[in-house]
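**Q** Could you work out the structure for the sequence below:
(2 chains)
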Protein chains: 2
Amino acid sequence: MFVAMNNFSVNPERAEDFERTWRERETYLGDVPGFVHFVLLRSDDEGHYVSHSTWESRAHFEAWTESEAFTKGHRGGGSMEGILLDHPRVELFESVTEASPTTA
Amino acid sequence: MFVAMNNFSVNPERAEDFERTWRERETYLGDVPGFVHFVLLRSDDEGHYVSHSTWESRAHFEAWTESEAFTKGHRGGGSMEGILLDHPRVELFESVTEASPTTA
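**A** Predicted coordinates for the structure are as follows:
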C-alpha cells in the first residue's frame, strides 16, 4: 500500500470556502487503476488540512500523476488564491504494517 | 470518519528496529468498537514515520484511549529508547470529504 499526503495551510477565515471547493470538486479518481481511497482531513489544529490518497502501489500513484485523469482533476486550482497561506506540501509513504477489525 | 495520526522521528540507523517493533506488536485493536483501520507509514523523508488509526467517530477513538485494550497495546513503550529522536507528536482529524473506487 502506498499513501500520498498533501498538507495545506489554510487561512482560518476562508476554511469554509476551502472545504466547499473540495466537496464540490470532481476528482476523476473513481476509475483510476490502483486507486484505493481518498479523504480530505481537517486537523484539530486550526487551518491545517491533509489530503490523503491511498494506492495499491507507488507505481499506480505515479501512473496517475502522468494521466489525463490527474490533469482534469487539478484544473481550476487558481480558485485557491487567498485561501491558502502557503504552497501545499506533499509527502509520500509506503505501508510498513496494517491492522483491520477482526471479522466475527 | 475520524483519524488519529502520530508522527515519529526515528534515528535512521535504528529504522529497522523501529519497524520490527511495530510488526511484532499486538495492537489489541481488532475487537475495539468503532475501529476501522490502522497503518504504520514510512515516509520518503528518512526517519519520518506516521501511524494512522481510523475510527467511525471521535467518540469511538476517545473511548478506546480510556480502555483496557489501549493500556495493553501501549505496554513496553520503553523499548523505543535510543530509536526515537523526539517525543511522538499526535494530531487529530475529522473527515471533510471522501472518495472510493467506482464499483463496476
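**Q** the helices in chain A, which residues?
**A** Taking DSSP state H to define them, one finds helices in chain A at A:15-24, A:58-65, A:68-73.
**Q** Sheet-wise, list the partners of the lengthiest strand in chain A with their directions.
**A** Taking DSSP state E as the criterion, chain A has its longest strand at strand A:89-99. Strand pairing for strand A:89-99, determined by DSSP bridges: strand A:2-9 (antiparallel), strand B:35-43 (antiparallel).
**Q** nearest to A:Pro101, of the ones you listed?
**A** Nearest to A:Pro101 among these is strand B:35-43; the distance by CB to CB comes to 5.4 Å. C-beta coordinates here come from the backbone N, C-alpha and C atoms, glycine included.
**Q** Using CSV, list the CA coordinates for that closest one.
**A** In CSV, the C-alpha atoms belonging to strand B:35-43 read as follows (Å, rounded to 0.1, in the frame of the first residue of the first chain):
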residue,chain,number,x,y,z
PHE,B,35,-12.2,0.7,14.9
VAL,B,36,-11.9,1.0,11.1
HIS,B,37,-8.2,0.7,10.1
PHE,B,38,-4.6,1.0,11.3
VAL,B,39,-1.5,1.5,9.3
LEU,B,40,2.1,2.5,10.0
LEU,B,41,3.6,4.5,7.2
ARG,B,42,7.2,5.1,6.2
SER,B,43,7.9,8.5,4.7
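**Q** average pLDDT across it?
**A** Averaging pLDDT along strand B:35-43 gives 95.
**Q** Could you do stretch A:65-79 as well?
**A** Averaged across stretch A:65-79, pLDDT comes to 76.
**Q** That stretch and chain B, are they touching?
**A** No: using CB under 8 Å from any CB of the partner chain, stretch A:65-79 never reaches chain B; the gap is at least 10.2 Å.
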